[in-house]
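Q: Structural data only, the sequence is not supplied:
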């Protein structure tokens, strides 16, 4: 399930499948592979980085952003609302809610999103910058990528509680070891989870 996924640091994921897909590209190293599809969860600088988008976009790259996004973007982009599903070849992309409940960095009314990607009949969930939210009980996925760095998102303990709601086959910590969080947070998350956890190596 994870053979097609790379964690490139912070909240950045790279999927190498029928299409090359990045989620929230940030501080990309070296000469990164060009993207067919770029998914942006919200407009904070460490998730919507125009510098990094420019490194991987081509004239054919499609950028998907929340419909509520107010910043302008270069190139071709499509908007997505919470509850919408877009199809790109055999890959589907669904937008789900992502927000804070006990802090003000990502308010619910901003309508930021997480994404569920279905690739080869496997469902991958990138939660975006979120706390534990009631909508997680309705998320049915095989792999859940959850922020564990605290401060702006869930702590490792909260993320482990979220896993109990989502019930994925595999959980993967992200959003740590850059800006906030550390490898210790990822390991704490691993110890507390009630499902298999994979701590991915950082980088391609």
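A: Cool, got the structure. Not measured: the values here are computed from a predicted model.
Q: can we go C-alpha only for contacts and neighbour counts from here?
A: Noted.
Q: what's the residue sitting nearest the centre point of the chain in contact with, if anything?
A: In the chain, the C-alpha nearest the mean C-alpha coordinate belongs to residue 126, at 3.3 Å (C-alpha atoms, centre = their mean). When contacts are counted by C-alpha atoms under 8 Å, 6 or more residues apart in numbering, residue 126 touches 114-116, 144-146.
Q: likewise residue 69?
A: So residue 69 contacts 42-43 (C-alpha under 8 Å, 6+ apart).
Q: Next one: it from residue 111, what distance?
A: To residue 111, residue 69 is 9 Å away according to C-alpha to C-alpha, to the nearest Å.
Q: Just confirm residue 190 is within a strand.
A: No - counting by DSSP: H, G, I helix; E, B strand; the rest coil, one finds residue 190 to be helix, located in no strand.
Q: what sits up against the helix-or-strand element of the chain with minimal mean pLDDT?
A: Ranked by mean pLDDT, DSSP states H and E, the weakest helix or strand in the chain is strand 77-80, scoring a mean of 90. Residues external to strand 77-80 that are found in contact with it (C-alpha under 8 Å, 6+ apart): 62-67, 86, 95.
Q: can you check stretch 15-22 too?
A: For stretch 15-22, contacts defined as C-alpha under 8 Å, 6+ apart pick out 4-6, 12-14, 33-39, 89-91, 119.
Q: hey, where'd the helices end up in the chain?
A: Ranges of helices in the chain, per DSSP state H, are 50-56, 156-166, 183-192.
Q: Compare these and report which one is nearest to residue 138.
A: Closest of these to residue 138 is helix 156-166, at 7.4 Å (criterion: C-alpha to C-alpha).
Q: and that closest one with helix 183-192, angle?
A: 40 degrees (axes from the mean of the first three to the mean of the last three C-alpha atoms, to 10 degrees).
Q: Can you list the helices and strands that helix 156-166 packs against?
A: strand 143-147, helix 183-192 (3 or more C-alpha pairs under 8 Å, 6 or more residues apart in numbering; DSSP states H and E).
Q: Swap in 7 Å and give it another go.
A: Applying 3 or more C-alpha pairs under 7 Å, 6 or more residues apart in numbering; DSSP states H and E, one finds that helix 156-166 contacts helix 183-192.
Q: Can you give the distance of the helix it packs on from its chain's centre?
A: Centroid separation for helix 183-192 versus its chain: 18 Å, with C-alpha atoms, centre = their mean, to the nearest Å.
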